[in-house]
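Asks: got a sequence here, can you model it:
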Amino acid sequence: MSPTSPTTSALPAVAAQGHVTFLGAGPGDPGLLTLRAVEALAGADVLIAEPEVLDVVRTHARAGVDTPQLTVADEASATVGIPVIRDAANLVMEAARSGRRVVRAVSGDPGLDGHAGEEMLACAAEGIPFEVVPGIATAVGVPAYAGVPLRAREGGGDVRFVEAKTASARCWSEVGASDGTLVVSATLETVGAAASELVSAGRKPDTPMSVTVAGTTTRQRTWTATLGSIAQVLKQAKVLPSPEGYRPVIAVVGEHSAAAQREQLSWFESKPLFGWRVLVPRTKEQAASLSDQLRSYGAVPHEVPTIAVEPPRTPQQMERAVKGLVTGRYEWIAFTSVNAVKAVREKFEEYGLDARAFAGIKVAAVGEQTARALVEFGVKPDLVPSGEQSAAGLLEDWPPYDPVFDPIDRVFLPRADIATETLVAGLIELGWEVDDVTAYRTVRASPPPADTREAIKGGGFDAVLFTSSSTVRNLVGIAGKPHNVTVIACIGPATAKTAEEHGLRVDVLSPEPSVGKLAEALAEYGRARRAAALEAGDPVTRPSERRPGARRRRST
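Replies: Predicted coordinates:
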């Protein structure tokens, strides 16, 4: 070290500098978060979010992120559904001063949030760097999801926005005299009074008005009426305050707001399974893609694992088979499930192997999901059934053993302990020798929470998807039999037979043994049910909203 060089201890201490991102979480739908918002959440050390958006944003934060809880300033405000955040500013500043990256998430857009504005000024005053990630404003996003464009092609004046709880008499007078579109943020308790204010200020009582509660979520409901009739319409509909009462009710008023065309433009609430609570009794990994598909139909999937996967009781057989893969014992390896892929992959990692160990071995997958799991592992399967994705479908495309072209006559079949013998028998019939190896055991999962069990037995779910006979047996075993109003959908005849044996009436049968086709079939059922209600002039309801006195029994 040079004599003139400062030592480490002589260097002045530099305080870590924090950073704050003010982030708009949108009006409620998690899919409306921007890409920049997701990026900011992934890098947050501290996440400070209003209660109504915490679940929306926490999904994208890293594990272990600090999420201090906000408090409400007074009981009266909480009672009427207006949260007054008392300590958000203190939490934000304290975390930023300690050098951490803070994300402050608010509903809608932070530029329209007064609390966020004050917190930005506090950061600026202390020299704490911050950024703003805009979100979709509630007053703009909710009408879009309700099918109520704010401006028709022929124009019709400006679009104005009013906060009912803070609007003055002068404000009502000004917007009442206008013929443009008006977007009012209110509550169920004040929306009728807002309509009266507008009529008193000069708007015609027959001016179209739409009112949307729980906008952009699967609890969304919209009523179309007029300024003069909206209070009576909501009363007749027996609309109760939302459990998330702090989310504003959005009303759109105006001749040119296209409220009269909402039946044609209601794209969100008219989804075939809109608001349906659908039980998905599978393992967490298996349920993911199915749940995503159900959400695209407007459903609310609820995943309940019915099967837990455990290693085989005696691992020696599996260990010998994996070593045989490396030493050239097999011509083929056949995977009949994603779990089989996972079991082999874990054993490979245990031995320090990777996908290169499959070189020279032909690989078969029972279906597209299993094939995708192999591709993620780095293995492209040589054979996937062209028809039915099942053991029978795999056998239809499997080549017979040919001693001229096949130097080895043996197939490695890693599978579950409860798998059927269909594939083994079929391969032997085609001339192959089969090493039928238990790669994993399937055991009944632990019972779900008490509220889930009660919802299953009490009719809280609109539908349940059974993807195998074991899911039927295990769900009934750990949670009880689904209520008779629940729509029962089965992936195939064998699963349907098991459901009927347990006293369930099967309403939907997938045309193919595929979870994707099963979800499609349920969506088609929901679409037909909705169409029948509209044709009969009846309100569109979910199965769980119709509770006959006696339990429905399956037909014999």
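Asks: what helices and strands are in contact with whatever helix or strand Leu394 lives in?
Replies: Using DSSP states H and E, Leu394 sits in helix 391-397. The contact analysis (3 or more Cβ pairs under 8 Å, 6 or more residues apart in numbering; DSSP states H and E) places helix 391-397 against helix 422-429. Using the backbone N, CA and C atoms, a C-beta is placed for each residue, glycine as well.
Asks: residues contacting the helix it packs on, please?
Replies: Contacts to helix 422-429, defined as Cβ atoms under 8 Å, 6 or more residues apart in numbering, come from residues Ala334, Thr336, Ala391, Ala392, Leu394, Leu395, Trp398, Val411, Leu413, Val434, Asp436.
Asks: okay, the residues you listed in CSV with neighbour count next?
Replies: Listed next are those as CSV, based on neighbours: other Cβ atoms under 10 Å:
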residue, neighbour count
Ala334, 27
Thr336, 24
Ala391, 22
Ala392, 15
Leu394, 25
Leu395, 17
Trp398, 19
Val411, 24
Leu413, 23
Val434, 18
Asp436, 17
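Asks: and the residue lying closest to Val57 once chain neighbours are set aside, how far from Asp113?
Replies: Excluding its sequence neighbours, the residue lying closest to Val57 (Cβ to Cβ, 6 or more residues apart in numbering) is Ala105, at 4.7 Å. Between Ala105 and Asp113 the distance is 10 Å, computed by Cβ to Cβ, to the nearest Å.
Asks: which of the two has more residues huddled nearby?
Replies: Taking other Cβ atoms under 10 Å, Ala105 and Asp113 do not tie; Ala105 has more neighbours (28 against 21).
Asks: I'd say the residue nearest to Val57 and Pro30 touch.
Replies: No - using Cβ atoms under 8 Å, Ala105 makes no contact with Pro30, being 12.0 Å away.
Asks: mutual contacts of those two, please.
Replies: By the contact definition Cβ under 8 Å, 6+ apart, Ala105 and Pro30 are jointly contacted by Val56.
Asks: from Phe405, how far off is Phe335?
Replies: For Phe335, the distance to Phe405 - Cβ to Cβ - is 23 Å.
Asks: more neighbours: those two, which one.
Replies: Taking neighbours as other Cβ under 10 Å, Phe335 and Phe405 compare with Phe335 leading, 29 against 7.
Asks: so what's Leu353 closest to, chain neighbours aside?
Replies: Of all residues not flanking Leu353 in the chain, Val326 sits nearest, at 7.1 Å (Cβ to Cβ, 6+ apart).
Asks: how about the one you found, phi and psi?
Replies: Reported as degrees, to the nearest 10, the phi and psi values for Val326 are phi -70, psi -40.
Asks: can you tell me how far it is from Ala88?
Replies: Between Val326 and Ala88 the computed distance is 59 Å (Cβ to Cβ).
Asks: then Leu518?
Replies: In terms of Cβ to Cβ, Leu518 sits 45 Å off from Ala88.
Asks: more neighbours: which of these two?
Replies: Ranked by neighbour count (other Cβ under 10 Å), Leu518 and Ala88 place Leu518 first, with 25 against 20.
Asks: so what touches stretch 530-548?
Replies: The contact list for stretch 530-548 (Cβ under 8 Å, 6+ apart) reads 270, 272, 275-277, 459-463, 484-487.
Asks: the longest helix along the chain: how far from the chain's middle?
Replies: Using DSSP state H, we find that the single longest helix of the chain is helix 515-536. Centroid separation for helix 515-536 versus its chain: 20 Å, with Cα atoms, centre = their mean, to the nearest Å.
Asks: ok, Val280 touching Glu303?
Replies: Yes - with contact defined as Cβ under 8 Å, Val280 reaches Glu303; the gap is 4.9 Å.
Asks: and those two? which has more neighbours close in?
Replies: Between Val280 and Glu303, Val280 has the larger neighbour count (other Cβ under 10 Å), namely 26 against 17.
Asks: any idea how far the more buried one is from Val379?
Replies: From Val280 to Val379 the distance is 28 Å (Cβ to Cβ).
Asks: what do you get for Met209?
Replies: Per Cβ to Cβ, Met209 is found 59 Å from Val379.
Asks: of those two, give the one with the bigger neighbour count.
Replies: Met209 (28 against 23).
Asks: what helix or strand is the more buried one located in?
Replies: Assigned by DSSP H and E, Met209 falls in strand 208-213.
Asks: repeat for Gly477
Replies: In this structure, Gly477 sits in helix 469-479 according to DSSP H and E.
Asks: can you list contacts of the next helix or strand after that helix?
Replies: Using DSSP H and E, the helix or strand that directly follows helix 469-479 along the chain is strand 487-490. Residues from elsewhere that reach strand 487-490 (Cβ under 8 Å, 6+ apart): 462-466, 472, 482, 496, 499, 504-510, 518, 521-522, 525, 543.
Asks: and Thr486, what is it in contact with?
Replies: Applying Cβ under 8 Å, 6+ apart, we find Thr486 in contact with Leu279, Ile456, Gly459, Phe461, Asp462, Ala463, Val464, Pro543, Ser544.
Asks: now for these, which pair is the farthest apart?
Replies: For the contacts of Thr486, the maximum inter-member distance is 13.5 Å, found between Ile456 and Pro543 (Cβ to Cβ).
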